[in-house]
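Visitor: Need the 3D shape of this:
(chains A and B)
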2 protein chains.
Amino acid sequence: MTHPVLLLLTHDADGRVVSVDERDPREPQLSVADLAATRGDGIFESVGVVGGRAQALEPHLTRFAKSARMLDLPSPDLDAWRGAILRGVEIAADTETELLVKVILTRGVEGTGVPTGWVHVFASGSYRAARDEGIRVVTLDRGYRSDVAETSPWLLQGAKTLSYAVNLASLREAARRGADDVIFVSTDGIVLEGPNSTVIALIDGVYVTTPPDLGVLEGTTQGAFFAHVESQGASTAYRPMTLAELQSASAVWLASSGRQIAPVITLDGVVMAQDPAVTPVELAALLAR
Amino acid sequence: MTHPVLLLLTHDADGRVVSVDERDPREPQLSVADLAATRGDGIFESVGVVGGRAQALEPHLTRFAKSARMLDLPSPDLDAWRGAILRGVEIAADTETELLVKVILTRGVEGTGVPTGWVHVFASGSYRAARDEGIRVVTLDRGYRSDVAETSPWLLQGAKTLSYAVNLASLREAARRGADDVIFVSTDGIVLEGPNSTVIALIDGVYVTTPPDLGVLEGTTQGAFFAHVESQGASTAYRPMTLAELQSASAVWLASSGRQIAPVITLDGVVMAQDPAVTPVELAALLAR
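Guide: Predicted structure coming up:
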């Protein structure tokens, strides 16, 4: 069994990391006045670890810094964060189990102006069924137009914030509908993303995903998927997709750091086309990173 | 100086409160794996305390229970919560200072299924300038239609969740525009609410606020305001308001538990009509509750 590891990154008032200290994750470590706990006011990344290798570490750090900018948080010292993540994985010292690293920066205890940061490494759940057998997905209205990231940046679409109550509520709604996961659709009918995943659809022989400028997160796993299929000669595109295009795609996957890719087997209860030649090859390539 | 008070409400797996214990709020009390801190997955209320009296306690508890239902959290034991709030105020033993009580219920440490709860009592900031001199307000797009609470309940509009990153980002946007606060407007042009307040407008001699079925929170302070002006013979109404109606109102206030009411002196930079006869009388009535 994996030994969970917690590293606290202590900041100064200028947002610099002044120390990185191992703590017991079973003991309380956060103030009840931390704005993470009272307001979901912070950002995070979930980094997958396979065979002891932290995957897509640089894309995760780049996205972490982007989220910090969007929330007017101090720019994270990426060298310190990278070091803490790698040190956490090294302390966990488990190359057999797949791990997740939660990387969290908050606005800190209210009134102090001093951010709180931590890196939490633990064994991920099993993704075998989702990867091998696929997932049942429902589409849900995200309530926003696809252009709100441009018109209304205070809605924080495209930032990976700690305010995920809507993401979790949408997953409970999916469960009520007998499904495993969600694809959000904008009010103008554009496919957005999952609550914690990126949509990839194979349409007319091209692997397509939603462009990040529509307020979705830039997928770190989707990025690795695209790089691999491109290296095999396939075409990829970042472009808006309609729901109708998704429904008639040759195959659809949800990509995320822990689960890697899971093929969508039903969409709103309708059986989806599959590409059984692609999923195992791409999954193997993603796990081998 | 007020001595801050923290009471932890320990729950069992069925969501029942099994003990209420005083803890040191200066010491860490929360796990880094609590879903409040990692996902903003929980609910809260902020109860104002004036002269040692917890204000609008029952409306706060009613709203707390509604938020729990909307988030599929265990139904809070309102007797236990009421007792904890009153005990926290009693321990603080400060009838001179205005206090705030943060009342928080979270989904708990991930994987345990056991909620976390606490009551945190502390001195509120000074609201003198906002109450006496008024506030400059900007309107911001909330990104949602006014009917999403009905069409898309997983967006949690109308629940008071811990996922408040957008509310705080909108206040930072207001500050960038030289303003103190925000009134959100729906994409179909309906006045919604503030990031942590309720809008009251005096229109054609009637005090008007947005109906809660449009996905805004039922205002506890606005409720007390309406009850008082009704007792003085004035008319009140819950009805949708357009932005144009707000702009031409005889007076506009933002109502909230700590600040009570603050008159809006400019809206998007335009000087607003005032009703100087109303504000001090209603403020005094609210403080005297």
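Visitor: Whichever strand or helix holds residue A:79 packs against which elements?
Guide: For residue A:79, the enclosing helix or strand under DSSP states H and E is helix A:78-92. On a contact count with 3 or more CB pairs under 8 Å, 6 or more residues apart in numbering or on different chains; DSSP states H and E, helix A:78-92 meets strand A:5-11, strand A:17-23, strand A:42-50, strand A:53-54, helix A:57-70, strand A:99-106, strand A:116-123. Just so you know, the C-beta spots here come from the backbone N, C-alpha and C atoms, and that holds for glycine as well.
Visitor: Mind listing the strands the fourth one pairs with, and their directions?
Guide: Okay, so that is strand A:53-54. Applying DSSP bridges to the sheet, strand A:53-54 is found paired with strand A:42-50 (antiparallel).
Visitor: can you check the second one too?
Guide: Strands adjacent to strand A:17-23 in the sheet, as given by DSSP bridges, are strand A:5-11 (antiparallel).
Visitor: Just the helices from the stretch 101-250 of chain A, written as ranges.
Guide: For the stretch 101-250 of chain A, the helices defined by DSSP state H, counting those that start in this stretch occupy A:128-133, A:148-151, A:165-176, A:220-231, A:243-247.
Visitor: And the residue of chain A that's closest to chain B?
Guide: Among the residues of chain A, residue A:40 lies nearest to chain B; the distance is 2.5 Å by CB to the nearest CB.
Visitor: Alongside chain B, which residues does the stretch 101-250 of chain A contribute?
Guide: A:102, A:104, A:106, A:118, A:120, A:140-145, A:148, A:151-156, A:159, A:161-170, A:172-173, A:187 (CB under 8 Å from any CB of the partner chain).
Visitor: Quickly note the distance from residue A:63 to residue A:11.
Guide: Distance of residue A:63 to residue A:11, given as CB to CB, to the nearest Å: 20 Å.
Visitor: ditto for residue A:141
Guide: In terms of CB to CB, residue A:141 sits 38 Å off from residue A:11.
Visitor: And for residue A:43?
Guide: Here residue A:43 is placed at a distance of 14 Å from residue A:11 (CB to CB).
Visitor: Also residue A:104?
Guide: As judged by CB to CB, residue A:104 and residue A:11 stand 12 Å apart.
Visitor: Mutual contacts of these two, please.
Guide: A:116-117 (CB atoms under 8 Å, 6 or more residues apart in numbering or on different chains).
Visitor: related to what we said a few turns ago, which parts of the helix holding residue A:79 are buried?
Guide: Within helix A:78-92, the residues scored as buried using 16 or more other CB atoms under 10 Å in any protein chain shown are A:80-85, A:87-89, A:92.
Visitor: Same question for stretch A:222-231.
Guide: Result for stretch A:222-231 [16+ other CB under 10 Å]: buried residues A:222-226, A:228-229.
Visitor: Rebuild those as a markdown table, extending it with distance to residue A:3 and pLDDT.
Guide: Formatted as a markdown table, those follow (distance: CB to CB, whole Å; pLDDT from 0 to 100):
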| residue | distance to residue A:3 | pLDDT |
| --- | --- | --- |
| A:222 | 31 | 98 |
| A:223 | 30 | 98 |
| A:224 | 28 | 98 |
| A:225 | 31 | 98 |
| A:226 | 35 | 98 |
| A:228 | 32 | 97 |
| A:229 | 36 | 98 |
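Visitor: and whichever strand or helix holds residue A:284, what other elements does it pack with?
Guide: According to DSSP H and E, residue A:284 maps onto helix A:279-287. Applying 3+ CB pairs under 8 Å, 6+ apart, one finds that helix A:279-287 contacts helix A:220-231, strand A:251-256, strand A:260-267.
Visitor: Let me know the pLDDT of residue A:1.
Guide: Note on residue A:1: pLDDT of 66.
Visitor: contacting residues for the one residue sitting closest to the centre of chain A?
Guide: Central residue of chain A (CA atoms, centre = their mean): residue A:196, 5.0 Å from the mean position. Shown in contact with residue A:196 (CB under 8 Å, 6+ apart): A:46, A:164, A:167, A:256.
Visitor: Ramachandran coordinates for it?
Guide: phi -150, psi 50 (degrees, to the nearest 10).
Visitor: Pull up the gap between it and residue A:20, please.
Guide: The gap separating residue A:196 from residue A:20 is 26 Å, by CB to CB.
Visitor: Could you do residue A:106 as well?
Guide: Separation of residue A:106 from residue A:20 (CB to CB) stands at 16 Å.
Visitor: Could you do residue A:167 as well?
Guide: Going from residue A:167 to residue A:20 by CB to CB gives 29 Å.
Visitor: Equivalent analysis for residue A:6, please.
Guide: To residue A:20, residue A:6 is 11 Å away according to CB to CB.
Visitor: again, but for residue A:104
Guide: 14 Å.
Visitor: number of nearby residues for the closest residue to residue A:214 other than its chain neighbours?
Guide: Nearest non-adjacent residue to residue A:214, counting by CB to CB, 6 or more residues apart in numbering or on different chains: residue A:146, 4.7 Å away. Residue A:146 has 23 neighbours, counted by other CB atoms under 10 Å in any protein chain shown.
Visitor: isn't residue A:146 right up against residue A:185?
Guide: No - the criterion here is CB atoms under 8 Å, and residue A:146 misses it with residue A:185 at 9.2 Å.
Visitor: who touches both of these two?
Guide: Joint contacts of residue A:146 and residue A:185 (CB under 8 Å, 6+ apart) are residue A:192.
Visitor: Neighbours of the residue lying closest to residue A:91 once chain neighbours are set aside, how many?
Guide: If the residues on either side of it in the chain are set aside, residue A:91 comes closest to residue A:5, at 4.7 Å by CB to CB, 6+ apart. When neighbours are counted by other CB under 10 Å, residue A:5 registers 23.
Visitor: How about the one 3 residues further on?
Guide: Per other CB under 10 Å, the neighbour tally for residue A:8 reads 20.
Visitor: ok, now which ones touch it?
Guide: A:20-21, A:23, A:29, A:116-118.
Visitor: what ranges of chain A fall below the confidence cut-off?
Guide: Filtered on pLDDT under 70, chain A yields the residue ranges A:1.
Visitor: what about residue A:50, distance to residue A:289?
Guide: From residue A:50 to residue A:289 the distance is 7 Å (CB to CB).
Visitor: that older thread, out of the helices and strands packed on helix A:78-92, the one nearest residue B:241 is which?
Guide: Taking CB to CB, helix A:57-70 is the member of the helices and strands packed on helix A:78-92 nearest to residue B:241, at 30.7 Å.
Visitor: by contact count, what packs against that closest one?
Guide: With contacts taken as 3+ CB pairs under 8 Å, 6+ apart, helix A:57-70 sits against strand A:42-50, helix A:78-92, strand A:99-106, helix A:220-231.
Visitor: Who does residue A:267 form a beta bridge with?
Guide: Bridge pairing for residue A:267 - DSSP bridges - gives residue A:137, residue A:270.
Visitor: Then residue A:103?
Guide: Beta-bridge partners, per DSSP bridges, of residue A:103: residue A:45, residue A:119.
Visitor: Just give me the neighbour total for it.
Guide: Residue A:103: 28 surrounding residues under other CB under 10 Å.
Visitor: now swap in the one 3 residues further on and tell me
Guide: Taking other CB under 10 Å as the criterion, the count of residues near residue A:106 is 26.
Visitor: Could you double-check that it lies in contact with residue A:117?
Guide: Yes - using CB under 8 Å, residue A:106 is in contact with residue A:117, at 7.4 Å.
Visitor: a helix runs through residue A:72, doesn't it?
Guide: No - going by DSSP: H, G, I helix; E, B strand; the rest coil, the assignment for residue A:72 is coil, not a helix.
Visitor: Appreciated, that's everything.
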